[in-house]
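S.K.: Below is the structure, and that's it, no one-letter string:
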Ligand SMILES: Nc1ncnc2c1ncn2[C@@H]1O[C@H](COP(=O)(O)OP(=O)(O)OP(=O)(O)O)[C@@H](O)[C@H]1O
Ligand SMILES: [Zn+2]
C-alpha cells in the first residue's frame with residue numbers, strides 16, 4: 001500500500017509482512033476531545049486494514065504522565081499529580097474501549113522509563129549532541145544544521161529569526177530545546193544531571209529507540225500540529241543517537257475544526273469524547289472521520305453528525321429488512337464474498353487511505369442490495385451482504401447486516417403476522433414490541 005510521507009512529501013510504498021508503528025499519546029491532564037480522537041481513529045483504521053490483510057502490526061504509544069500542564073492542574077485543583085494522571089488515564093482508556101479501538105501492543109507511561117531516559121540523554125551528551133548547563137540539558141541544534149528542519153521543511157535561519165520562544169539565557173542557540181529540565185515545581189526525578197524532569201520531545205525518541213531496538217520504524221503518526229517542533233525534535237535526537245532515520249513514513253492528520261477553527265482545549269471550543277459518546281454511537285464518529293481524507297481539515301457540525309446518524313440508521317433498517325426477507329422468503333444466506341468489491345475496497349484503502357471513496361462504494365453496495373430486495377431475485381444477495389459486512393468490519397464499524405434469523409425471531413414474526421390478519425391488534429402490538437427489541441422490525 002502507499003501512504004503519504006511528510007518528510008519526503010511523497011506517497012511511499014509499504015509492502016511488508018510486519019509493520020512497526022508509533023503514535024504520540026495524550027498528556028493526561030484533562031479529558032481528550034473529539035479532535036484528539038482523529039489521530040487515534042486514523043491509526044485504528046489503518047491497523048485494522050493492515051491486519052485484515054494478514055500483516056503483523058506492532059504498535060507502540062506513549063502516555064505523557066509528567067508535564068507542566070499536569071503540575072499546573074494539580075496545583076489549581078489542590079491535589080497531587082498522581083490523582084490527576086490516574087483520573088485522566090482511566091478516562092482515556094475508557095474512551096478507547098468505547099470507541100472500539102484496537103489497543104496498542106504497548107502503552108508506556110513515561111514515568112516508568114526515567115532511567116532509560118537518563119541513559120539516552122547521556123549518550124546524546126557524550127556525542128556532543130546535547131549539553132548540560134547546571135542541571136539543565138539542551139539539544140545542540142548547531143551540530144545538525146543540515147538535518148534540522150527537514151521534516152517541517154523549515155530553514156534554521158528562518159526559524160531563528162521567527163522564533164518567539166521565551167528567551168533562555170542558558171541556551172547556546174534559541175532553537176536548542178530542553179531534553180532534561182531542572183525544576184523546582186512539581187514531581188522531580190533523580191538523574192546523573194541532578195533532580196529534574198524529562199523533556200517531552202525526548203520521551204518519544206527514547207521510547208521508539210528502546211522498544212524497536214534502534215531500528216527505523218515503518219510509520220510515525222500524529223496530528224499536523226506536532227510536525228513542528230515536536231516531531232522535528234524527536235527526529236533530530238534519533239538521528240543524532242543512531243545516525244539513521246527515525247521513521248520511514250511520517251503520517252500527519254489534518255485538524256478537526258469547529259466553525260473553521262482548530263478544536264482545542266485552550267481555545268475553549270472542545271467537545272470531550274466522553275461527552276460525545278454519551279450522546280452518540282462511536283460508529284457515528286468513525287463515519288464522520290471517514291468522510292474526508294485524513295490529511296485534510298475536517299469541520300465538525302451538527303449537520304455532519306446528523307448525516308452520520310442517518311448512515312447508521314440506514315444500515316440498521318437494512319439489517320431489519322434482510323431479517324424479514326429471510327423469514328418471508330425462507331432464504332438462507334451463504335458465506336460467499338464478491339471479490340470485485342473487496343478488490344475495489346483494497347485499492348482505495350491502499351491509496352493513502354482514500355476512505356471517502358470507500359464510503360461511496362458502500363453506498364453503491366447498499367443500492368444494489370435494495371434493488372435485489374425489490375426485484376426478489378435473491379441469487380446475488382449473499383455476495384453483496386457479505387462484502388458489505390467485510391468492509392464495515394475492516395473499518396471498525398460495529399454495525400453490520402445480520403445474515404441469520406433465530407427460530408424464536410421467525411416464530412414471533414409469523415405469530416405477529418397472524419394476529420394482524422386476525423385483527424387481534426392488542427396481541428399483535430405486544431408481539432410487535434418484542435420484534436422491535438429483537439431488531440426484526
Ligand atoms: N483539533 C484537532 N484535530 C485533529 N487532531 C488534533 C487536534 N488537536 C490535537 N490533535 C492531535 O491529538 C493528539 C494529542 O495531542 P495533544 O495531547 O497535544 O492535544 P492538544 O494539542 O494538547 O489539544 P489541545 O490543542 O486541545 O490542547 C496529537 O496527535 C495532536 O496532533
Ligand atoms: Zn511524540
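M.R.: It's in. Predicted model only: the values in this text are computed from it and were never measured. Residues are numbered from 1 along each chain as shown. Ligands and ions are numbered 1, 2, ... in the order given.
S.K.: Excluding its own residues, what touches stretch 82-96? List them.
M.R.: The contact list for stretch 82-96, computed with C-beta atoms under 8 Å, 6 or more residues apart in numbering, reads 26, 28-32, 37, 40, 63, 65, 70, 73-74, 77, 103, 109, 273-274, 277. For the C-beta atoms, the positions are set from N, CA and C on the backbone; glycine is no exception.
S.K.: Residue numbers of the protein in contact with ligand 2?
M.R.: 24, 204 (C-beta under 5 Å from the ion).
S.K.: Give me the residues contacting the helix or strand of the chain with the lowest mean pLDDT.
M.R.: When the helices and strands of the chain are scored by mean pLDDT, DSSP states H and E, helix 156-162 comes last with a mean of 74. By C-beta under 8 Å, 6+ apart, the surrounding residues in contact with helix 156-162 are 141, 145, 148, 149, 173, 174, 175.
S.K.: Quick check: next helix or strand after that helix?
M.R.: Under the assignment DSSP states H and E, the closest C-terminal helix or strand after helix 156-162 is strand 178-181.
S.K.: helices or strands up against that next one?
M.R.: In terms of contacts (3 or more C-beta pairs under 8 Å, 6 or more residues apart in numbering; DSSP states H and E), strand 178-181 is packed against helix 114-126, strand 136-139, strand 197-198, helix 200-211.
S.K.: how about the ones you listed in TSV, adding distance to residue 374 and mean pLDDT?
M.R.: Compiled in TSV, those are given as follows (distance: least, C-beta to C-beta, whole Å; pLDDT from 0 to 100):
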stretch	distance to residue 374	mean pLDDT
helix 114-126	63	97
strand 136-139	66	97
strand 197-198	63	94
helix 200-211	54	97
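S.K.: Now stretch 22-42: buried residues?
M.R.: For stretch 22-42, a neighbour-count test (16 or more other C-beta atoms under 10 Å) marks 22-42 as buried.
S.K.: Same check on stretch 76-90?
M.R.: Counting neighbours by 16+ other C-beta under 10 Å, stretch 76-90 gives 81, 84, 85, 87, 88, 89 as buried.
S.K.: what two of those are the furthest from one another?
M.R.: With distances taken as C-beta to C-beta, the most widely separated pair in the buried residues of stretch 76-90 is 81 and 89, at 11.9 Å.
S.K.: Excluding chain neighbours, give the residue nearest to residue 399 in space.
M.R.: Spatially, and ignoring its direct neighbours in sequence, residue 399 is nearest to residue 315 (4.7 Å; C-beta to C-beta, 6 or more residues apart in numbering).
S.K.: Could I get the phi/psi values of residue 413?
M.R.: Dihedral angles phi and psi of residue 413 (degrees, to the nearest 10) take the values phi -60, psi -40.
S.K.: That one against residue 326, yeah?
M.R.: No: in this structure, residue 413 is not within contact of residue 326 by C-beta atoms under 8 Å, at 9.7 Å.
S.K.: Which neighbours do these two have in common?
M.R.: Residues touching both residue 413 and residue 326 (C-beta under 8 Å, 6+ apart) are residue 405.
S.K.: What is the burial count for the residue of the chain found nearest ligand 1?
M.R.: Residue nearest to ligand 1 within the chain: residue 223 (1.9 Å; C-beta to the nearest ligand atom). Other residues near residue 223 come to 19 when the count uses other C-beta atoms under 10 Å.
S.K.: What of residue 8?
M.R.: 12.
S.K.: Also residue 100?
M.R.: Neighbour count of residue 100, defined by other C-beta under 10 Å: 15.
S.K.: how much space is there between it and residue 22?
M.R.: From residue 100 over to residue 22 the distance is 22 Å, taken as C-beta to C-beta, to the nearest Å.
S.K.: repeat for residue 37
M.R.: Taking C-beta to C-beta as the measure, residue 37 and residue 22 are separated by 18 Å.
S.K.: what does residue 11 give?
M.R.: Applying C-beta to C-beta, the value for residue 11 to residue 22 is 20 Å.
S.K.: cool, residue 286 as well?
M.R.: Taken as C-beta to C-beta, the span from residue 286 to residue 22 is 22 Å.
S.K.: in terms of contact count, name the helices or strands touching the longest helix anywhere in the chain.
M.R.: As assigned by DSSP state H, the longest helix anywhere in the chain is helix 302-328. On a contact count with 3+ C-beta pairs under 8 Å, 6+ apart, helix 302-328 meets helix 282-290, helix 355-375, helix 381-394, helix 407-421.
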